[in-house]
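*Asks:* Output the structure for:
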Amino acid sequence: GTWYFNTIGSGTTDLVVNGTVSAAGSTPTKLAITSVSPATPTAGSTFNVTVQAQDNTNAPANVSANTSISLSNSGGGTIGGNSGTINAGSSSVTLTGVTLSAAATGVTLTASRTSGDVLSASDPSTSFNVLAAEPTAQPTAFTRTAVATTSMTVGWTAPGSVPDGYIVLRTTAAGATYPV
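*Replies:* Numbers count the residues shown, from 1 in each chain. Predicted coordinates:
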């Protein structure tokens, strides 16, 4: 918990203390996902997730036993690298090899305890998007015809492996690119 105090002494040894003190040894009761980094991961690429043990006031609290956790997801395909351990005497673990297999919007993660201290599962994380992986093969023989101010006809030869789709970008004179 947190305590507030104000102590004033007397005489020439006055002592004034105003502040917040966190209780050492607070008991963890639940898990929380405190970070997903990068905030917008790419499908198939690793990203980091930090899971924290917290007390009933949402303050970090050290676990007393090694506590294994597992992540589950609400979108983004299959999850990988989704387990880790909060070591006894610490309050968090960062999973550094988490992956999601598919692009998606509004994905959330939930952390659950699988062994160790008895902790409630986390609330769903803040939602995030998973970007599509960069294409591995590019089309060739790109052509454009009937170019007008606001439209054009384009054509190309698909690569050997047929992709799920194409991303078309518009480039400005300054070199900035934007999806079309």
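*Asks:* Can you tell me the element residue 96 falls in?
*Replies:* strand 92-100 (DSSP states H and E).
*Asks:* And the average pLDDT for the helix or strand following that strand is what?
*Replies:* Heading C-terminal from strand 92-100, the first helix or strand you meet, by DSSP H and E, is strand 104-107. In this model, strand 104-107 has an average pLDDT of 94.
*Asks:* Only the buried residues of strand 104-107, if you could.
*Replies:* Within strand 104-107, the residues scored as buried using 16 or more other C-beta atoms under 10 Å are 104, 107. All C-beta atoms are positioned from the backbone trio N, CA, C, and that covers glycine.
*Asks:* Could you list the low-pLDDT ranges of this structure?
*Replies:* Within the chain, the stretches with pLDDT under 70 are 1-25, 162-164, 180.
*Asks:* Distance-wise, check the residue most central in space within it relative to residue 57.
*Replies:* Centroid check for the chain by C-alpha atoms, centre = their mean gives residue 36 as the closest residue, at 1.7 Å. Going from residue 36 to residue 57 by C-beta to C-beta, to the nearest Å gives 23 Å.
*Asks:* And residue 51, by the same measure?
*Replies:* Remark: distance between residue 51 and residue 57 (C-beta to C-beta) = 18 Å.
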